[in-house]
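[1] My questions are about this predicted structure, shown below with the sequence.
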Amino acid sequence: MTKPPLITLLTDFGLRDHYVAAMKGSVLSICPDASLVDVTHEITPYSITEAAYTLSQTWSCFPAGTIHIVVVDPGVGSARRPLLIEAGGHFFIGPDNGVFGMVLAGRTDWTARQITDARYFRPEVSQTFHGRDLFAPVAAHLATGVMSSQFGDTCQDLVPLENANPVQTGPHTWQGTVLTVDRFGNIITSFSWNDFANIAARRFEMRAGELIACRYYPHYDEAGPGEPFLLRGSGDYVEVSLNQGDAARAAQVRTGSPVKFRWI
Amino acid sequence: MTKPPLITLLTDFGLRDHYVAAMKGSVLSICPDASLVDVTHEITPYSITEAAYTLSQTWSCFPAGTIHIVVVDPGVGSARRPLLIEAGGHFFIGPDNGVFGMVLAGRTDWTARQITDARYFRPEVSQTFHGRDLFAPVAAHLATGVMSSQFGDTCQDLVPLENANPVQTGPHTWQGTVLTVDRFGNIITSFSWNDFANIAARRFEMRAGELIACRYYPHYDEAGPGEPFLLRGSGDYVEVSLNQGDAARAAQVRTGSPVKFRWI
Amino acid sequence: MTKPPLITLLTDFGLRDHYVAAMKGSVLSICPDASLVDVTHEITPYSITEAAYTLSQTWSCFPAGTIHIVVVDPGVGSARRPLLIEAGGHFFIGPDNGVFGMVLAGRTDWTARQITDARYFRPEVSQTFHGRDLFAPVAAHLATGVMSSQFGDTCQDLVPLENANPVQTGPHTWQGTVLTVDRFGNIITSFSWNDFANIAARRFEMRAGELIACRYYPHYDEAGPGEPFLLRGSGDYVEVSLNQGDAARAAQVRTGSPVKFRWI
C-alpha cells in the first residue's frame, strides 16, 4: 500500500451530480487519510471500452500499491459480480464487465476475487449506487490494511472486453473501433502502435467516418492545415488527427465507431 | 474536527474559471494540511434548491467534523447574512438563502451563527467573491481549531428553502418540482420516497413535462426501451427514468420544472 | 516549500481524458505526499492568454512555496523551451510561450531556468505529452527537495505574452481583448481596473461585439434586467456583465475577441 493510501476513481457519473462526492465521503469515513485522485468521471455513459482504455492509460503512472476504483456499470443491481483484482502491484475494484480487460491483457500475474463479504459494505446497500455503498467502502477497508483475501474467494472466468482489438478482414485490411475521442478531437483508435508501427514507412489508408488519412507525421505541427494524418498517441495507439482542428467532428465519429485500415 | 481537517466545496462556479482554485488557495494558505473534496461546482447557476438537494445527498456520507462550504449565492454583495451552522456533528458555511434547508429539515440539534468577525476574513473583501474572501478563510480558521463561537453570535430566523416539498392540490393530487437532473437524464423529483413508497403497490400517474410515467420498477433494466418509469433514487426521492435513455430531454424539463402526481 | 508540498495544475487538457490523471500519477510516483490542486483544465485549447490570466488570478491565493504547473502548450514536441521560474516566493513550471507573462509583469524578483537535466524526466519522453513526461516529474522532484539550480541554467529572454494590455488607438480610445469568459457569461476584458477606475465617475462607452455598455455599477443586482454594464471584477479587470444574464452570449464574443473603449 502507498503511504498515504492512494485511491483513484474512474466513473461515468459526470461532475454535475453528487455521486462522486458521495463515493469520496464513503471512502473518507472509513479511511480519513486516503489521498483521492480523479482519473475522470466523464466516461461516455455505459462505455466499458472507453473506461477500459482510460484505465489502461493511467494506472501504471501511479505508484505500486495504488487502489483503482472503476464504476462504469450498466448492470448495477443485476447479478454481475463485484471484483477485487490484484495485478502488476496495483489493486483494481469494480464490476465484472470487461472494464479491466486492457489492464489484464497479456498478463498472467493477476488474482481476481468476487467481493462478497458484506461486513465491508455500507450498512444499507442500495440497488442503484454500488459505487458509494460497496466499491468505495471496500477500497477504503483495503486501504486501511484489510487483507485482500478477506473480501471474497478468488474467481477466474472474468467477462471479456468487447472490441478491444482490430479484426483482420482481408489480406491487407483490418477493422477496429474508436476507443475514445479526446478533448482536442483526436480520434484514438484500437490499432496499437506496436502492431502498425510501419505506417511510418509504408503506404496506407485509414478511414474513420468521413475522414481518410494517408499520411503519418511524428508531430502535430508537421501536418498542413485541414490535413488528416496519423500520429503515435501518447498511449501507444494510432490516432487520427487534424493539426489544431477537431478530427472527430470532421469525421463524425465517436466512441465505438468503426475504423478501417488497409495497406496500399 | 477530522484529522486531517476535511473541507468540502459546493458551488455554482463551474470548473472553467479560476474561482474554485482561488477558494482552495485561500483555505490552504491558512490551513495547509486541509484535505479538500469537491462536491460539485456545476450547480445550475443561482439554483439554491439544486444546491440544497446536492448537499443533502452528500454531507452525511462524510465523517463527523467535516466542514462543508456552500457558495450558491445570488445575493453576494447585498445584505444577506453569512452563516456558520453546526448540525449533526458537521459544520456548514455559506449564505443565508435557504441552501441549508434540506440539511436542517426535521432537525432540532443545530446552531447557526451569523459570521461577523472580520479577523477571519481576507484582508480585503471584494463585493463579488465572498467564496474566496470570507467563506474559505472562515472554514480554514475553523479547521485550524478556532472555536465556532469566535466567528459571530447565534441567530435563529434563517431564510427558508423554497419549493422543498410537494404541495397537495386535491384529494389525490400533488404538485412538486424537479430538484435536479442527473448526468444520465434521470429526473430527481421533490417527492420523497418515504411519503410515496406505495407507488410500488398502487396505480398512479406522474407527469413531468412531456413524459407520463405509470410504472414503478426497482431496477433500471426491468423497464422496456423508451418506457418512462419511476424508481427509488439512491437519495430516497422518487426519480423519473428511461432505461438507458435521457428522461429529462424526452420530458423537456430541468431544475425547477413542475412535476404532477396523482393516484388513480 | 510548503508542507505537505503543494502543487497546482493548470492545463487545456479537459476533464474527459486521462491526461490530467496521468500527470498526477507521474507526480505521486515521485512525491507520494504531494497535495495536488486543480486550477482548471478547461482553458480554451491553445489559449495562452486565457491561461496566463487564470494563473494570474490564482497563484498568489496559495501559500509561498507552492509549485504551479501550467501546460497550455501548442508547441509541444517543437524546440520551445521548458521553464522553471521562481517568482514572488512561488515556483512555476511550463513551456516558454508567454503563459507566465502576467505573473512576471512589473516584477524584477524572478529567476527563470531552462529545464534540461533529463535525470528528472520520465525514462521515456514522448513527443506529445510533456505534461506527464517532463513537467510533472520535474515538479515532483522539486517538491521532494531537489534544488532549482539542478534542473538547468538560468535564461533571460522569455517569449512575451501577446495581447496582454489594451492599445491606445486615439486621444480617448483604446482597444483591448477578451481575456476570458466566465461560467456566468461575464466578459473579463484586458482593461485593468487601476488604469480605468474613473469609469465610476466619468462618461464612457465600452463595445464588446454586439453589446455596448455605458454604465458602471458596483454590484450585479443594481443593473436593470438586460442592461449591459461594467463591473470591477474580483481580479481587478473591468468586466462586461448582464444582471443574471449571459453577457458573452449576447455580445457574441469569446476569448481573444476585440473590445473597444472610449471616454465620451
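    Perfect, I can see it now. None of these values were measured; they are calculated from a predicted model.
[2] CA atoms for contacts and neighbours, from now on please.
    Fine.
[3] Measure how buried the closest residue to chain B within chain A is and give me the count.
    Closest residue of chain A to chain B, Cα to the nearest Cα: A:G25 (4.2 Å). By the measure other Cα atoms under 10 Å in any protein chain shown, the count of residues near A:G25 is 27.
[4] Tell me the secondary structure at it.
    Using DSSP: H, G, I helix; E, B strand; the rest coil, the structure places A:G25 in helix.
[5] What residues does it make contact with?
    B:58-59, B:61-63 (Cα atoms under 8 Å, 6 or more residues apart in numbering or on different chains).
[6] Distance check, A:G131 against chain C.
    19 Å (Cα to the nearest Cα, to the nearest Å).
[7] Most neighbours among the contacts of A:G25, which one is it?
    B:F62 (26 neighbours).
[8] Nearest residue to that residue in space, please, no chain neighbours.
    A:G25 (4.2 Å; Cα to Cα, 6 or more residues apart in numbering or on different chains).
[9] Look up how far A:T49 lies from the residue in chain A positioned nearest to chain C.
    Ranking the residues of chain A by distance to chain C (Cα to the nearest Cα) places A:F62 first, at 4.2 Å. Distance, A:F62 to A:T49, by Cα to Cα, to the nearest Å: 21 Å.
[10] try A:Q57
    12 Å.
[11] Count the residues that sit near the spatially closest residue to A:F13 that is not a sequence neighbour.
    Distance criterion Cα to Cα, 6+ apart; nearest residue to A:F13, sequence neighbours excluded, is A:H41 at 5.5 Å. Neighbourhood size, A:H41 [other Cα under 10 Å]: 24.
[12] What ranges does the stretch 101-250 of chain A have for its strands?
    Counting by DSSP state E, counting those that start in this stretch, the segments of the stretch 101-250 of chain A that form strands are A:110-114, A:154-155, A:167-168, A:173-181, A:187-192, A:204-208, A:211-213, A:228-232, A:237-242.
[13] ok and the last one relative to strand A:173-181, angle-wise?
    In this structure, strand A:237-242 runs at an angle of 70 degrees to strand A:173-181, with axes from the mean of the first three to the mean of the last three Cα atoms, to 10 degrees as the basis.
[14] again with the first one
    Our comparison of strand A:110-114 with strand A:173-181, counting by the same axes, to 10 degrees, yields an angle of 60 degrees.
[15] List the residues that contact A:T169.
    Here A:T169 is in contact with A:Q175 (criterion: Cα under 8 Å, 6+ apart).
[16] Which strand or helix spans the most centrally placed residue in chain A?
    The centre of chain A sits closest to A:A52, judged by Cα atoms, centre = their mean, with a distance of 2.5 Å. Applying DSSP states H and E as the criterion places A:A52 in helix A:48-58.
[17] helices or strands next to that helix in the packing?
    strand A:6-11, helix A:101-104, strand A:173-181, helix C:19-30 (3 or more Cα pairs under 8 Å, 6 or more residues apart in numbering or on different chains; DSSP states H and E).
[18] Beyond that helix, next helix or strand please.
    strand A:67-71.
[19] Show me what that next one pairs with in its sheet, parallel or antiparallel.
    strand A:6-11 (parallel), strand A:90-95 (parallel) (DSSP bridges).
[20] got a list of contacts for that strand?
    A:6-12, A:51, A:59, A:90-95, A:99, A:131, A:135-136, A:139, A:143.
[21] Enumerate the residues of the stretch 51-200 of chain A near chain C.
    A:54-55, A:57-59, A:61-63, A:182-184 (Cα under 8 Å from any Cα of the partner chain).
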